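>>> Would you be able to build a 3D model of this:
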Amino acid sequence: MKPSALIVAHGQPSDPLPAERSIAALAAKVAAVLPGWHIGSATLAAEESLKSAAQHTENPLIFPMFMSDGWFVRELLPKRLKAAGAGAGRILPPFGRLAVTHGLAGRIARHHAAARHWPLEQTTLILAAHGSAHSPHSAQATRDAASAIAIDLPLREIRIGFVEEPPWLEDVARDTDRKTLCLPLFVAPWGHVTRDIPQALAKARFAGTLLDPVGIHPDVPQIVANALSGAPLPRSA
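Numbers count the residues shown, from 1 in each chain. Purely as a prediction, here's the structure:
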């Protein structure tokens, strides 16, 4: 039996279908990199999505397309997998906690600074992230990403701004100049990226450049494929 995996994201509770489609598109790209694998996808926000996807797999590897290992990954995902009949699947570290994802974020910042002929020493990077009023894990994941980027890039400054806890993105972005990049540490251009982040930057009169979220970079399917192919398969798979 060929190995199988499920890519699981949170999705959009208010409008589940676009997120379902985008995660399915990511799964198709990963499958193209991993011939011989069955790659399914689901979002937690879409009713019955995970249950439906689990019917086509047996003891899959679970790749959380999340930026942190907070409550959704630690608590809700295992419960949902068990209810869907995929409780024997092995949950891998989420996308945002991978060292290669931190490296990707740094490469994105370096590329965009170079494209604008900005010396890194004169460039500020704002990491726009979700945060959480109820769990420390989201903020810690963002701080770890910032620390990893700081090791590789001699940036003028790296700032962190959240949409759901302080320091608020609006406050962090308020006194920056045009040589500032704002990189959303999100997996896709869903509600926070398309609505909350632009609104916060507009209120701050942000003069810099808002980039696409890290999760839609062209290197992401290969990153996910490498994480899956390098992981031990469940014993009974």
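>>> Any idea which residue is closest to the centre of this protein?
What sits nearest the mean C-alpha location of the chain, by C-alpha atoms, centre = their mean, is Val187, with 3.3 Å.
>>> Just the pLDDT at that one, thanks.
Val187 carries a pLDDT value of 97.
>>> Run through the residues that contact it.
Listed by C-beta atoms under 8 Å, 6 or more residues apart in numbering, the contact partners of Val187 are Ala9, Met65, Phe66, Met67, Phe95, Gly96, Pro213, Val214, Gly215, Ile216. Every residue, glycine included, has its C-beta placed from N, CA and C.
>>> hey, where'd the strands end up in this protein?
For the chain, the strands defined by DSSP state E occupy 4-9, 38-43, 61-64, 90-91, 124-129, 157-162, 180-184, 209-210.
>>> Could you dump those into JSON lines with mean pLDDT and distance to Val73 added?
As requested, the strands of the chain are exported to JSON lines (pLDDT from 0 to 100; distance: least, C-beta to C-beta, whole Å):
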{"stretch": "strand 4-9", "mean pLDDT": "96", "distance to Val73": "9"}
{"stretch": "strand 38-43", "mean pLDDT": "96", "distance to Val73": "13"}
{"stretch": "strand 61-64", "mean pLDDT": "97", "distance to Val73": "5"}
{"stretch": "strand 90-91", "mean pLDDT": "94", "distance to Val73": "7"}
{"stretch": "strand 124-129", "mean pLDDT": "98", "distance to Val73": "15"}
{"stretch": "strand 157-162", "mean pLDDT": "98", "distance to Val73": "18"}
{"stretch": "strand 180-184", "mean pLDDT": "98", "distance to Val73": "19"}
{"stretch": "strand 209-210", "mean pLDDT": "98", "distance to Val73": "27"}
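>>> in this structure, what spans have low per-residue confidence?
Low-confidence segments of the chain (pLDDT under 70): 1, 234-237.
>>> Show me the domain layout of it.
Partitioning the chain according to automatic domain parsing yields domains covering residues 4-96+218-229, 97-216.
>>> From start to finish, how long is the first one in a straight line?
With C-alpha to C-alpha, to the nearest Å as the measure, domain 4-96+218-229 spans 10 Å from end to end.
>>> what does stretch 180-198 give?
So stretch 180-198: terminal residues 15 Å apart, C-alpha to C-alpha.
>>> hang on, the earlier thing: which members of the contacts of Val187 are classed as buried?
Ala9, Met65, Phe66, Met67, Phe95, Gly96, Pro213, Val214, Gly215 (16 or more other C-beta atoms under 10 Å).
>>> hang on, isn't the fourth one packed against Leu185?
It refers to Met67. Yes - look at Met67 against Leu185 with C-beta atoms under 8 Å: they come within range, at 5.3 Å.
>>> Common neighbours of the two, please.
Gly96, Ala129, His130, Thr142.
>>> What sits closest to Arg205 if chain neighbours are left out?
Arg174 (7.2 Å; C-beta to C-beta, 6 or more residues apart in numbering).
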